[in-house]
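J.: Sequence plus the predicted model coming up.
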Amino acid sequence: MSAPARAFTVRHVQLLRALFAAAAAVMITFSPDHSAAVGLSVFSGFVLTTALVMIVAVWLVFPAGQRWPWVVLALLGFAAGMTAGVPVWRTDDMFFVVVIAWAATTGLVELIVGLRARRAGDITARDSITVGALGLLLAVVLIAIPAGFVQPYAIEGAGDFVLTGIILGVGMFGGYAAIVAVFLGIAGLTPKHADAVDAAAANDVSPAPVDHGGDR
């Protein structure tokens with residue numbers, strides 16, 4: 001007898017992660033204020049909601065032998081989100097420290113998970129590798145932004161402006177969130193890919209057949 005259909009699958013995890021990433025990207029993109037306070041506020045909401053999804057997935061989606069990476073990712077998300085959620089800590093330096101640490105650690109975990117899954121022939125390997133690589137790329141880009149960067153510029157007819165390191169940093173995080181949203185959204189909505197992912201997950205958690213003895 002085939003395993004019963006589950007209400008919450010890998011496909012739903014991808015789509016929820018895409019939704020929260022898209023919400024973060026939209027809030028950053030359409031906010032005229034790219035300060036550390038705004039950036040850390042959006043980041044906190046994004047990583048906390050994503051961590052909640054992963055905690056749910058640990059119990060409802062992934063089999064026992066595959067749960068540890070998602071527990072680690074959830075714990076890293078909760079730690080980063082709670083730190084970023086303290087208003088008095090929302091400084092420029094804290095933004096870079098927290099986001100770089102989160103992007104580097106979660107990116108590395110997801111990349112390792114993806115590489116191990118690829119060796120095992122898991123259909124979800126590409127998704128984990130890509131998201132992990134994007135996280136590591138975000139960390140590298142934020143590290144490359146000079147501390148205290150300030151660049152005045154002028155737009156004819158609009159006035160004088162100042163481009164700062166924190167504006168660049170918050171913008172880079174918004175760009176990362178937008179790319180992750182598009183990638184995971186496509187992965188979750190692509191019928192063949194999504195069905196293969198859910199079928200593989202269902203097979204992983206299906207109970208082993210029971211031997212009732214010889215044929216009758």
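T.: Structure received.

J.: In the chain, where is pLDDT below threshold?
T.: In the prediction, the chain carries residues with pLDDT under 70 at positions 1-6, 191-216.

J.: Can you name the secondary structure element that comes next after the longest helix along it?
T.: Counting by DSSP state H, the longest helix found in the chain is helix 92-119. For helix 92-119, the following helix or strand on the C-terminal side (DSSP states H and E) is helix 125-144.

J.: what helices or strands is that following helix leaning on?
T.: helix 92-119, helix 165-189 (3 or more CB pairs under 8 Å, 6 or more residues apart in numbering; DSSP states H and E). C-beta: built from backbone N, CA, C; applies to glycine.

J.: Out of the ones you listed, which gets nearest to G39?
T.: helix 165-189 (3.6 Å; CB to CB).

J.: what's the offset of the closest one from the middle of its chain?
T.: 9 Å (CA atoms, centre = their mean, to the nearest Å).

J.: Check stretch 16-28 too.
T.: 10 Å.

J.: outside of that stretch, which residues touch it?
T.: 34, 38-39, 42-43, 45-46, 49-50, 53, 170-171, 173-175, 177-178, 180-185, 188 (CB atoms under 8 Å, 6 or more residues apart in numbering).

J.: do stretch 144-163 as well
T.: D93, F96, T164, G165, L168, G169, M172.

J.: Name all residues that make contact with the last one.
T.: Think M172. Per CB under 8 Å, 6+ apart, neighbours of M172: L138, V141, L142, I145.

J.: now, among those residues, which is nearest to A101?
T.: Closest to A101, out of all of the contacts of M172 and judged by CB to CB, is L142, at 10.1 Å.

J.: The helix or strand hosting A25 to helix 125-144, inter-axis angle?
T.: Per DSSP H and E, A25 falls inside helix 10-29. Taking axes from the mean of the first three to the mean of the last three CA atoms, to 10 degrees, one finds that helix 10-29 is oriented at 20 degrees with respect to helix 125-144.

J.: Spell out the secondary structure type for D160.
T.: strand (DSSP: H, G, I helix; E, B strand; the rest coil).

J.: how about stretch 98-111: buried residues?
T.: For stretch 98-111, a neighbour-count test (16 or more other CB atoms under 10 Å) marks V98, V99, I100, W102, A103, A104, T105, T106, G107, V109, E110, L111 as buried.

J.: do you know how far the second one is from A177?
T.: When distances are taken as CB to CB, to the nearest Å, V99 and A177 turn out to be 11 Å apart.

J.: ditto for the fifth one
T.: Applying CB to CB, the value for A103 to A177 is 11 Å.

J.: same thing with the first one?
T.: For V98, the distance to A177 (CB to CB) stands at 15 Å.

J.: Most neighbours of all the contacts of M172, which one?
T.: Neighbour tally across these (other CB atoms under 10 Å): the maximum, 25 neighbours, falls on L138.

J.: Am I right that it is in contact with F173?
T.: Yes. Taking contacts as CB atoms under 8 Å, L138 lies within contact range of F173: 6.9 Å.
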